[in-house]
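**Student:** A predicted structure for the sequence below; I have some questions about it.
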Protein chains: 2
Amino acid sequence: MLVTNIIGMVTAKSRATRQRLVESALALFEAHGYSATTVDDIAAQAGVSAMTYFRYFPTKEAVVLEDHFDPIIAESVANQPATLPPLARVARGLREALMHLEESDDSEVRRRIAIAASEPALRSGMHQNTRETEDAIVAALTRHGTPEFTARIAAAACLGAITASLLTWASSTAAQSLRDAVIAALDIVTAAESSAPGSEPAATTGGMQ
Amino acid sequence: MLVTNIIGMVTAKSRATRQRLVESALALFEAHGYSATTVDDIAAQAGVSAMTYFRYFPTKEAVVLEDHFDPIIAESVANQPATLPPLARVARGLREALMHLEESDDSEVRRRIAIAASEPALRSGMHQNTRETEDAIVAALTRHGTPEFTARIAAAACLGAITASLLTWASSTAAQSLRDAVIAALDIVTAAESSAPGSEPAATTGGMQ
DNA sequence: GCCAATAATGTTAGTGACTAACATTCCACG
DNA sequence: CGTGGAATGTTAGTCACTAACATTATTGGC
């Protein structure tokens, strides 16, 4: 949820402008590369001034890095049995949250992440985006007695794994779904726990091993 | 190893200039905040022009984010027994690499990371820095038969945990050592494996739980 | 001690991301 | 139709960063 949503900017016209900006940006980034594309280019392509671009997106990065990926995670994590080790709770919570995600928009997400993977600055921007999610997970865990440091490390480990997984997934040609890529990553993080009580390994994922 | 070390820049004078730039930057960042400090300010404080600053550091971030922290890690990881699950091998390799680190310069590192923690842009810059280390670990693991995806996820998970740990450590007032903070983080990531064969939990760390 | 060669620094001029202040156009609703 | 607020534009500026070229220190050989 990087982006404004400030009061105003909600009319049909504004939604259309925003959409044009996103599409122009992705197309130009794919065609000429991220750094070779200026904000002016994007704005011009969308039929709008650069100033208007910045009214919709706070930075050049933001138009790529908006994540539709910050959802009910905390809720899911909080619902895991407190008897599991923190890392397992986070991983299982993330897996469950994923199940409540429409499979549909994989393709645009893949475009975005593929662009992000191509530019170091954007790659690290992805990590920045997970900060909110990390905080939400930490809050969920500490509410049930996990010490803050432990909670944060467990969250950071899982999110680091997921981010790496997404970057690999988006750059790969395999017809794997985003969901399977993330699940595969979480399986690796919790591999040693697959024999622990109450934890069944998720469905195997084919290609990405 | 963010920074130049290009041919030249190795004389006594250049080392002195570099040192002055680092000290000026840290002091100004601590005094007025990262974003309120301009590169011109830093250069002026060091008695040098802005252009000279950029001859030593490629970006404003770099003067903070140089890591003395990218060392023999791959070597250590490669030396772990291949019978362990990948995550455990990475964690144990990192722990061992840490042991070969002088404890001495904790204080400056702490200053740097504390500054990094205060600015989102710098925080994500830290992640960017770990990319080289991640690649080195992946290379070490795949050389011994671990699939690339698995290797990368394990590396990313551990490095994510370590980074989070460092950010917490640097902002805390506890007199803990950097080494103990990192070990504590790795213990959390591999908690479920502490009963696995050949893996003894590292020394407990007091404060940071 | 003087004279190259080379390292270190400076100057100028530019690009591009981003901000602030203010002016303008568009559009819905009375 | 006309008015108020939303959407957009203009201008002018700051700051990170780059390139090309000019200048000053430093150092090693004589």
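**Tutor:** Ah, there it is.
**Student:** what's the domain layout of chain A?
**Tutor:** Using automatic domain parsing, the domains assigned to chain A come out as A:12-61, A:67-193.
**Student:** would the first one count as contacting DNA strand C?
**Tutor:** Yep, that's domain A:12-61 we're talking about. Yes - Domain A:12-61 comes into contact with DNA strand C (C-beta under 7 Å from any atom of the strand), by way of A:12-13, A:37-40, A:50-51, A:54, A:58-61. C-betas here are computed from N, CA, C, even on glycine.
**Student:** next step: those restricted to helices.
**Tutor:** With DSSP state H as the criterion, helices contain A:12-13, A:39-40, A:50-51, A:54 from among those.
**Student:** farthest pair within the residues you listed?
**Tutor:** Greatest spatial distance among these (C-beta to C-beta): A:Ala12 and A:Asp40, at 25.7 Å.
**Student:** more neighbours: which of the two?
**Tutor:** A:Asp40 (11 against 7; other C-beta atoms under 10 Å in any protein chain shown).
**Student:** that one contacts A:Ala50, correct?
**Tutor:** Yes - under the criterion of C-beta atoms under 8 Å, A:Asp40 makes contact with A:Ala50 at 5.1 Å.
**Student:** check which helices and strands the helix or strand of chain A with the lowest mean pLDDT sits against.
**Tutor:** Across the helices and strands of chain A, mean confidence by mean pLDDT, DSSP states H and E is lowest for helix A:73-78: a mean of 89. With contacts taken as 3 or more C-beta pairs under 8 Å, 6 or more residues apart in numbering or on different chains; DSSP states H and E, helix A:73-78 sits against helix A:86-99, helix A:120-142.
**Student:** quick one on the thing from earlier: point out the most buried one among the domains of chain A.
**Tutor:** Among the domains of chain A, ranked by average contacts under mean count of other C-beta atoms under 10 Å in any protein chain shown, first place goes to domain A:67-193 (a mean of 20).
**Student:** ok, it near DNA strand D or not?
**Tutor:** No - Domain A:67-193 is not in contact with DNA strand D by C-beta under 7 Å from any atom of the strand; minimum separation 9.4 Å.
**Student:** distance from that domain to the middle of the chain?
**Tutor:** Here domain A:67-193 shows a centroid-to-chain-centroid distance of 7 Å under the convention C-alpha atoms, centre = their mean, to the nearest Å.
**Student:** with distance to B:Ala155 added, can I get the domains of chain A in TSV?
**Tutor:** As requested, the domains of chain A are arranged in TSV below (distance: least, C-beta to C-beta, whole Å):
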stretch	distance to B:Ala155
domain A:12-61	24
domain A:67-193	8
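**Student:** least reliable of those domains by average pLDDT, please.
**Tutor:** For those, mean pLDDT drops lowest on domain A:67-193, to a mean of 90.
**Student:** thought A:Val77 was touching A:Arg95?
**Tutor:** No - judged on C-beta under 8 Å, A:Val77 makes no contact with A:Arg95 at a distance of 10.3 Å.
**Student:** list residues touching both of the two?
**Tutor:** Shared contacts of A:Val77 and A:Arg95 (C-beta atoms under 8 Å, 6 or more residues apart in numbering or on different chains): none.
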